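[1] Model the structure of this input:
(one chain, ligands or ions: 1)
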Amino acid sequence: MRIVLVGPPGAGKGTQAAYLAKNLSIPHISTGDLFRANISQGTPLGKKAKEYIDAGELVPDEVTIGMARDRMGESDAADGFLLDGFPRNVAQAKALDESLAGDGLALDAVLDLEVPEDEVVKRIAGRRICRNDSAHVFHVTYNPPRTEGVCDVCGGELYQRADDDEETVRKRLEVYHRETEPIIDHYRTQGLVVTISALGKVTEVTERAMEALKRDAAA
Ligand code: AP5
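    As a prediction, this is how the structure comes out:
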């Protein structure tokens, strides 16, 4: 399956992607994680991306589209993928459509996670991420680690993302409404959008998502 996960910052895309990718046996491709890996390795791409990410702005398309295409071209993504954070504007969506069509492929679904704004603010404020693996995501209240500041999975140090401060989060939400929400209409015209509520326990949201994807595939 080729699926795009869309939703505001803090909706739980990364959290759900980890479970859905496992259930569906497809790789989880997060452009945010790819940028953060480049930043921590100090690559030229990471240096360029950092200034935009720290400001809550989108990294320019000429950097992002090539990076996402390269990752989708890797062998583990040949039979499908779960995209998290890409596409993030209509130009990226059109570039993805064209790239897939060029290979005789198409998306199967766009899973839209709906969460009220006050909830995403709470989720982001309490988020803690493992320095060793960004797929290990915790929340100080909703999903606390057994030992404060320490990853349950690998013992790595937990940290708060630099772009998770209140001012940058407000900017990211504004960018989401202006740049990213229009891709939902873009894909709605293609009949691909499946919208679910992302409220409730993580496991409940995963079940809801799997059911919705199954219903969509059968329709
Ligand atoms: P990115 O890393 O993609 O960030 P985002 O879209 O803002 O999303 P987040 O990672 O903040 O949230 P999430 O939805 O994954 O939530 P999570 O699962 O962690 O992008 C960062 C930046 O990179 C962008 O601002 C941009 O600059 C750049 N970028 C990336 N892609 C780009 C692109 N395509 N083009 C241009 N620029 C790009 O969950 C949040 C918290 O809530 C966690 O603590 C979690 O434990 C908790 N939680 C999750 N689910 C639940 C639940 N059901 N109940 C209670 N708590 C929950």
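[2] Show me where this structure has its helices.
    13-24, 31-41, 44-54, 61-72, 90-102, 117-125, 166-175, 181-188, 202-218 (DSSP state H).
[3] Of all these, which one comes closest to the ligand?
    helix 31-41 (1.9 Å; Cβ to the nearest ligand atom). In this view, the C-beta of every residue, glycine as well, is placed from N, C-alpha and C.
[4] got the CA coordinates for the closest one in PDB?
    The C-alpha coordinates for helix 31-41 follow below in PDB (Å, rounded to 0.1, in the frame of the first residue of the first chain):
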ATOM      1  CA  THR A  31      10.600  13.900   6.100                       C
ATOM      2  CA  GLY A  32      10.800  15.500   9.500                       C
ATOM      3  CA  ASP A  33      12.900  12.600  10.800                       C
ATOM      4  CA  LEU A  34      15.000  12.600   7.700                       C
ATOM      5  CA  PHE A  35      15.700  16.300   8.200                       C
ATOM      6  CA  ARG A  36      16.500  15.800  11.900                       C
ATOM      7  CA  ALA A  37      18.900  13.000  11.100                       C
ATOM      8  CA  ASN A  38      20.700  15.300   8.600                       C
ATOM      9  CA  ILE A  39      20.800  18.000  11.200                       C
ATOM     10  CA  SER A  40      22.400  15.800  13.900                       C
ATOM     11  CA  GLN A  41      24.900  14.500  11.300                       C
END
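[5] Next, count neighbours for Glu117.
    By other Cβ atoms under 10 Å, 12 other residues sit near Glu117.
[6] Would you enumerate the residues in contact with the closest residue to it other than its chain neighbours?
    Spatial nearest neighbour of Glu117, chain neighbours left out: Leu173 (6.7 Å); criterion: Cβ to Cβ, 6 or more residues apart in numbering. Taking Cβ atoms under 8 Å, 6 or more residues apart in numbering, we find Leu173 in contact with Pro8, Pro9, Glu117, Val120.
[7] swap in Leu96?
    Val4, Ala68, Leu83, Phe86, Pro87, Leu107.
[8] Tell me how far the last one lies from the ligand.
    Right, Leu107. For Leu107, the distance to the ligand (Cβ to the nearest ligand atom, to the nearest Å) stands at 15 Å.
[9] Next: the fourth one.
    Going from Phe86 to the ligand by Cβ to the nearest ligand atom gives 4 Å.
[10] can you pull the contacts of that residue?
    By Cβ under 8 Å, 6+ apart, the contact list for Phe86 reads Val4, Ile29, Thr31, Thr64, Ala68, Gln92, Leu96.
[11] Could you give the average pLDDT over stretch 184-198?
    Throughout stretch 184-198, pLDDT has a mean value of 97.
[12] And the pLDDT at Asp76?
    pLDDT, Asp76: 97.
[13] What is the burial count for it?
    11.
[14] so what's the residue nearest to it when sequence neighbours are not counted up against?
    Using Cβ to Cβ, 6+ apart and skipping residues adjacent in sequence, the residue nearest Asp76 is Pro27, 4.9 Å away. By Cβ under 8 Å, 6+ apart, Pro27 lies in contact with Ala21, Glu74, Asp76, Ala77, Phe81, Leu82.
[15] now do Val90
    Per Cβ under 8 Å, 6+ apart, neighbours of Val90: Pro182, Ile183, His186.
[16] Would you confirm that the first one contacts Asn89?
    Yes - in terms of Cβ atoms under 8 Å, Pro182 counts as a neighbour of Asn89; the distance is 7.4 Å.
[17] Neighbour count: the two, which is higher?
    Asn89 (20 against 13).
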